[in-house]
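A.B. asks: Show me how the following folds:
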Amino acid sequence: MVATSSLSSKNSTCISELIHQGFHHSNITDFDYWDYVVPEPNLNEVVFEERTCQTLVKMLENCLSSSKQTKLHCSKVLVPEKLTKRIAQDVLRLSSTEPCGLRGCVIYVNLEIGNLCKKLDQIVYDPSIVPTFELTLVFKQDFGSWPSFRDFFTRACFASGCRRTLILSPGFRLIKKKLYSLIGTVIEEC
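C.D. replies: Numbering: from 1, shown residues only. Alright, predicted model coming up:
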């Protein structure tokens, strides 16, 4: 369905006057229906979501950083550009339909190496909220691409006494499990 108007241009001051005066739908004949139905984007929400995304990116990077010595037993973790931002955006999207949003989420971070899945850490965005859903994030080790980089970093690390460099794939898997729902599990491979 397409709603059109007989006006060639819309006058925003006229629209705001109607809104402030408490217009009735019967008075709307010369304006698009969508001018009244679709709300203006809220800049505060956009800024808040970007901040939340950045905070989540930092939490993911801190998780990888702390896991590299303790659980991954490597000296370096190479992460593809904007991988953590893509993951954070997908996490925000999956949490947008939940009652508490991201605040009600527990993220279990894992790394898939071959057929093994190694648990790295868990991220709780707001520990004061009882979780309503879980996300399992599975990073994948990159075996195929960047062979020259892998060889370079492997030789450089052995020369300097480092142990190993782990290269992550740009692909990942997110598994959503609702804790108090009959819907069950949602799996997204990205």
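
A.B. asks: and the longest strand belonging to the chain, which strands flank it?
C.D. replies: Counting by DSSP state E, the longest strand found in the chain is strand 165-178. Strand 165-178 pairs in its sheet with strand 76-78 (parallel), strand 133-141 (antiparallel), strand 185-189 (antiparallel), by DSSP bridges.

A.B. asks: Put together JSON lines for those strands, with distance to residue 174, mean neighbour count and mean pLDDT on each row.
C.D. replies: For the C-beta atoms, the positions are set from N, CA and C on the backbone; glycine is no exception. As requested, the strands paired with strand 165-178 are exported to JSON lines (distance: least, Cβ to Cβ, whole Å; neighbours: other Cβ atoms under 10 Å; pLDDT from 0 to 100):
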{"stretch": "strand 76-78", "distance to residue 174": "19", "mean neighbour count": "15", "mean pLDDT": "92"}
{"stretch": "strand 133-141", "distance to residue 174": "6", "mean neighbour count": "20", "mean pLDDT": "94"}
{"stretch": "strand 185-189", "distance to residue 174": "5", "mean neighbour count": "11", "mean pLDDT": "63"}
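
A.B. asks: With distance to residue 102 added, can I get those strands in a markdown table?
C.D. replies: Below are those laid out as a markdown table (distance: least, Cβ to Cβ, whole Å):
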| stretch | distance to residue 102 |
| --- | --- |
| strand 76-78 | 24 |
| strand 133-141 | 10 |
| strand 185-189 | 16 |
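
A.B. asks: wait, which of those is closest to residue 172?
C.D. replies: strand 133-141 (5.6 Å; Cβ to Cβ).

A.B. asks: residue ranges with poor pLDDT in the protein?
C.D. replies: 1-48, 145-163, 184-190 (pLDDT under 70).

A.B. asks: Sketch out the helices for it, chain order is fine.
C.D. replies: 12-21, 34-37, 43-70, 83-95, 147-160 (DSSP state H).

A.B. asks: ok, residue 131 - how many residues close by?
C.D. replies: Around residue 131 there are 18 other residues, counting by other Cβ atoms under 10 Å.
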